[in-house]
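> Next comes the sequence, and after it the predicted model I'd like to discuss.
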Amino acid sequence: MKVIIVGGVAGGATAAARIRRLDEQAEIVVFERSGYVSYANCGLPYYIGDVITDPEELTLQTPESFYRRFRVTMKVRHEVTAICPDKKTVSVRNLETGEVFEENYDKLILSPGAKPSQPRLPGVGIDKLFTLRTVEDTFRIKEYITKHHPESVVLAGGGFIGLELAENLRELGMDVTIVQRPKQLMNPFDADMASFIHNEVRKHGIRLALGHTVEGFEEKNGGVDILLKGEEALHADMVVLAIGVTPDTALAKEAGLKLGIKGSIVVNDRMETSIPDIYAAGDAVQIKHYVTGEDALISLAGPANRQGRIIADNICGGDSRYLGSQGSSVIKVFDMTAAATGINETNARKAGLDIDTVILSPMSHAGYYPGGKVMTMKVVFEKETCRLLGAQIAGYEGVDKRIDVLATAIHAGLKASRLKDLDLAYAPPYSSAKDPVNMAGFMIDNIFRGTLKQWHLEETDSLPRDGSVTLLDTRTEEEYKEGHIDGFRNIPVDELRERLDEIERDKSVYVICQSGLRSYIASRILEGNGYEAYNFSGGFRFYDAVMNDRCLIEKATACGMDQS
């Protein structure tokens with residue numbers, strides 16, 4: 001059996017190694033257009049920022065090392081230019097010599113990945129404008145910085161690559177601005193949870209220009225003007241386009257393969273394309289979202305590696321199936337860690353799901369053990385079924401641990417209320433006897449039992465201020481004086497039982513505290529004394545962070561720049 005693989009990163013390299021482990025006799029040839037195979041895409045920004053200093057650390061394998069271990073022929077700087085399914089051949093061009101030749105296959109694996117989205121805008125081709133996707137891209141940016149010592153950069157796009165690169169360039173001492181059309185960074189997060197990411201990058205001196213549309217680029221005064229729709233241009237010494245990626249599927253289209261979202265390759269759960277004996281994996285393929293069952297594009301290394309393994313199993317006579325991806329991801333944002341899995345509230349509502357959320361601010365470990373840090377968790381679940389749909393966490397310690405537990409729970413099909421039953425490891429330096437994941441489960445269980453009724457941030461402005469309901473802040477007087485929501489009166493929770501006569505019994509009570517815990521206790525006191533009480537989801541800490549962020553974004557939209 002002869003297997004040809006187009007693309008040597010992630011899915012392609014994984015498939016090659018797995019085929020060899022299953023079949024010692026197979027002939028395996030990998031054609032990779034770039035000069036590198038099996039490299040660490042996710043590490044590229046950290047090389048630019050001098051966190052990774054040895055360029056060889058970016059390369060997990062070389063063609064020589066791959067051949068020594070797996071007897072796989074890795075041909076770098078070779079581009080597959082055409083596929084002929086009828087003859088089961090591919091046309092290949094040696095990019096160093098110009099030689100063109102044909103290679104036959106029994107099985108063909110396409111792992112071409114995705115390419116940086118290149119908008120058709122004036123000035124896209126200027127030499128001070130970069131994209132970051134390959135090792136070669138990384139070296140170009142690094143060489144430019146080393147040679148020209150730019151002092152400022154504008155990043156167009158605030159996704160994973162944009163945000164990681166922003167941090168690394170800022171750590172090099174550069175003046176960094178992120179500009180993009182959406183009014184938030186990191187689309188896997190809801191806008192309210194993205195507020196914590198925004199606050200962190202602002203704290204480290206990065207400017208945000210959210211809600212602005214880039215219309216082109218001009219070389220000017222030794223740098224680049226970034227032209228914005230209806231706004232004054234931004235100026236920087238260099239620009240990096242990080243507005244997303246597009247499946248690199250021109251080859252598949254010309255071969256007649258069925259295509260899907262954004263021209264991605266349509267595959268079944270065995271990773272088979274519409275043409276027999278041709279498989280595809282990675283960023284170029286359309287998959288099913290594990291939570292919604294809808295077609296999706298999810299460009300992450302974990303899914304690509306699993307898909308490559310599944311292809312290898314099936315080529316070698318097995319029957320492995322890809323169950324879909326739920327988009328589990330984590331990112332370092334200076335001192336903060338932010339992570340998400342499943343679907344967020346925004347996308348759940350777009351999908352027509354009847355959902356609710358809980359927002360909590362637990363400590364990363366036991367409060368009495370020194371060094372604990374607050375994290376903010378948001379868990380999304382379906383109201384009627386209690387199906388766990390997704391989660392987002394922003395914090396400083398223990399975030400990755402909790403998101404992985406929640407990702408596992410989603411994959412296992414656990415109801416959200418069952419999070420309370422998980423038996424999770426506890427010691428004071430690492431967690432609490434009631435782990436944050438358990439706490440989310442307790443809250444959701446309370447909602448289903450009717451023990452907890454909530455109100456949410458988006459209801460704040462619509463709450464009556466005419467006295468027809470009671471608005472109650474249960475923090476201390478000192479906390480209340482430092483800031484509170486207009487219209488809310490203050491009765492500290494520890495005084496509430498003695499002051500119940502100050503609250504009219506025939507009116508609903510909307511309660512808030514700093515994190516949601518004291519107001520929950522207050523709501524139970526009120527319910528136990530015949531009142532109807534609703535607890536604010538997230539607490540004043542959450543409200544304050546989100547509203548301050550929204551104010552800064554709106555100010556930037558009006559004034560052209562986030563000056564915080």
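Structure received. Numbering: from 1, shown residues only.

> Would you map the helices across the stretch 451-564 of the chain?
477-482, 517-528, 539-559 (DSSP state H, counting those that start in this stretch).

> Ramachandran angles for Arg133?
phi -140, psi -40 (degrees, to the nearest 10).

> Please read the previous query as pertaining to Ile278.
Here Ile278 shows phi and psi, under degrees, to the nearest 10, equal to phi -120, psi 130.

> now it, nearest residue through space, not along the chain?
In this structure, Ile278 finds its nearest non-sequential neighbour in Leu108, 4.7 Å apart by Cβ to Cβ, 6 or more residues apart in numbering. Any C-beta I mention is one placed from the backbone N, CA and C, and that applies to glycine too.

> who does the helix or strand that neighbour falls within pair up with?
Per DSSP states H and E, Leu108 falls inside strand 107-110. Each strand paired with strand 107-110, and its direction, by DSSP bridges: strand 2-6 (parallel), strand 278-280 (parallel).

> Pull out the buried positions in the longest one.
Translated: strand 2-6. Val3, Ile4, Ile5, Val6 (16 or more other Cβ atoms under 10 Å).

> coming back round to it: can you lay out the strands paired with strand 107-110 as TSV showing mean pLDDT and distance to Ile444?
What follows is the strands paired with strand 107-110, written out as TSV (pLDDT from 0 to 100; distance: least, Cβ to Cβ, whole Å):
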stretch	mean pLDDT	distance to Ile444
strand 2-6	98	45
strand 278-280	98	39
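
> circling back to that earlier point, so for Val179, which of the helices of the stretch 451-564 of the chain sits nearest?
Closest to Val179 of the helices of the stretch 451-564 of the chain, according to Cβ to Cβ: helix 539-559, at 9.8 Å.

> Next, the angle from that closest one to helix 517-528.
Here helix 539-559 runs at an angle of 120 degrees relative to helix 517-528 (axes from the mean of the first three to the mean of the last three Cα atoms, to 10 degrees).

> pLDDT averaged over helix 539-559 - what is it?
For helix 539-559, mean pLDDT is 88.

> what does it contact?
183-184, 191-192, 194-196, 198-199, 202, 208-212, 359, 361, 374, 376, 457, 460, 473, 475, 479, 483-485, 512-517, 519, 536, 562-564 (Cβ atoms under 8 Å, 6 or more residues apart in numbering).

> Those residues in strands, which ones?
Leu208, Ala209, Leu210, Ile359, Thr376, Asp473, Ile512, Phe536 (DSSP state E).

> Do I have it right that the second one meets Pro182?
Put plainly, it is Ala209. No: counting by Cβ atoms under 8 Å, Ala209 sits too far from Pro182 to count as a contact (11.5 Å).

> So if I had to pick from these two, which one is more boxed in?
Each of Ala209 and Pro182 has its neighbours counted (other Cβ atoms under 10 Å); Ala209 has more, 24 against 15.

> Just give the nearest non-adjacent residue to the more buried one, would you?
Per Cβ to Cβ, 6+ apart, closest to Ala209 is Val179, 4.0 Å.

> pLDDT score for the one you found?
Val179 is given a pLDDT of 95.

> Regarding it, what is its secondary structure?
Assigned by DSSP: H, G, I helix; E, B strand; the rest coil, the conformation of Val179 is strand.

> isn't it right next to Leu234, touching?
Yes: using Cβ under 8 Å, Val179 makes contact with Leu234 at a distance of 6.5 Å.

> if you count what's nearby, which of the two comes out ahead?
Neighbours per residue (other Cβ under 10 Å) separate Val179 from Leu234, with Val179 holding more: 28 against 22.

> how near is that one to Asp23?
In this view, Val179 and Asp23 are 50 Å apart by Cβ to Cβ, to the nearest Å.

> got it, and Cys386?
Per Cβ to Cβ, Cys386 is found 45 Å from Asp23.

> contacting residues around the strand holding Leu108?
1-7, 11-12, 15, 83, 88, 90, 251-252, 265, 273, 277-281, 284, 308, 311, 315.

> who touches the residue nearest to Asp237 when sequence neighbours are not counted in this structure?
Counting by Cβ to Cβ, 6+ apart, Asp237 lies nearest to Pro150, which is 3.4 Å off, once chain neighbours are set aside. Residues in contact with Pro150 (Cβ under 8 Å, 6+ apart) are Tyr144, Met174, Gly223, Ala236, Asp237, Met238.

> go on, Gly395?
Gly395 neighbours (Cβ under 8 Å, 6+ apart): Met336, Thr337, Ser364, Lys373, Val374, Met375, Thr376.

> Export the contacts of Pro150 as TSV, with columns for distance to Leu452 and neighbour count.
Converted to TSV, those look like this (distance: Cβ to Cβ, whole Å; neighbours: other Cβ atoms under 10 Å):
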residue	distance to Leu452	neighbour count
Tyr144	55	16
Met174	47	21
Gly223	55	19
Ala236	49	23
Asp237	53	20
Met238	51	23
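
> just curious, which of those is nearest to Val72?
Tyr144 (34.3 Å).

> Next one, pLDDT for the residue sitting furthest away from the middle of the chain please.
The C-alpha centroid of the chain is most remote from Asp501, which lies 48.7 Å away (Cα atoms, centre = their mean). For Asp501, the model assigns a pLDDT of 95.

> And Val469, by the same measure?
97.

> Check the one 5 residues further on too.
Thr474 is assigned 98 on the pLDDT scale.

> Quick check, it in contact with Ile491.
Yes: using Cβ under 8 Å, Thr474 makes contact with Ile491 at a distance of 6.4 Å.

> Same drill for these two, tell me which one is more crowded.
Thr474 (28 against 21).

> Give me the phi and psi for that one.
Torsion angles, degrees, to the nearest 10, at Thr474: phi -100, psi 20.

> can you pull the buried residues of the strand holding Leu108?
For strand 107-110, using 16+ other Cβ under 10 Å, the buried residues are Lys107, Leu108, Ile109, Leu110.

> pLDDT averaged over that strand - what is it?
Strand 107-110 comes out at a mean pLDDT of 98.

> Against which helices or strands is the helix or strand that it is followed by packed?
Heading C-terminal from strand 107-110, the first helix or strand you meet, by DSSP H and E, is strand 114-116. If contacts are counted by 3 or more Cβ pairs under 8 Å, 6 or more residues apart in numbering; DSSP states H and E, strand 114-116 sits against strand 245-247.

> neighbouring strands for the strand it packs on, and are they parallel or not?
strand 114-116 (antiparallel).

> Please list the outside residues in contact with the strand it pairs with.
Looking at what lies outside strand 114-116 - Cβ under 8 Å, 6+ apart - the contacts are 131-133, 241-248, 283-284, 299.

> Repeat that for stretch 13-30.
1-5, 7-8, 12, 37-38, 60-61, 66, 70-75, 103, 109, 111, 279, 281, 304-305, 308-309, 311-313, 315-316, 318.

> Now do that stretch: distance to the chain's middle.
Centre-to-centre, stretch 13-30 and its host chain are 32 Å apart (Cα atoms, centre = their mean, to the nearest Å).

> Can you give me the buried ones in stretch 96-104?
In stretch 96-104, counting by 16+ other Cβ under 10 Å, buried: Glu103.

> Using PDB, write down the CA coordinates of that stretch.
The C-alpha trace of stretch 96-104 is given here as PDB (Å, rounded to 0.1, in the frame of the first residue of the first chain):
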ATOM      1  CA  GLU A  96      13.700  24.400  -5.300                       C
ATOM      2  CA  THR A  97      14.500  23.000  -8.700                       C
ATOM      3  CA  GLY A  98      11.300  23.600 -10.600                       C
ATOM      4  CA  GLU A  99      11.000  19.900 -11.500                       C
ATOM      5  CA  VAL A 100       7.500  18.600 -12.000                       C
ATOM      6  CA  PHE A 101       6.600  15.000 -11.700                       C
ATOM      7  CA  GLU A 102       3.700  12.600 -11.000                       C
ATOM      8  CA  GLU A 103       3.300  10.300  -8.100                       C
ATOM      9  CA  ASN A 104       0.800   7.500  -7.800                       C
END
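
> quick one: average pLDDT of that stretch?
97.

> Which residue ranges of this structure form helices?
Along the chain, counting by DSSP state H, helices occupy 11-22, 44-48, 63-70, 135-148, 160-171, 191-203, 250-254, 301-315, 345-350, 399-412, 436-449, 477-482, 517-528, 539-559.
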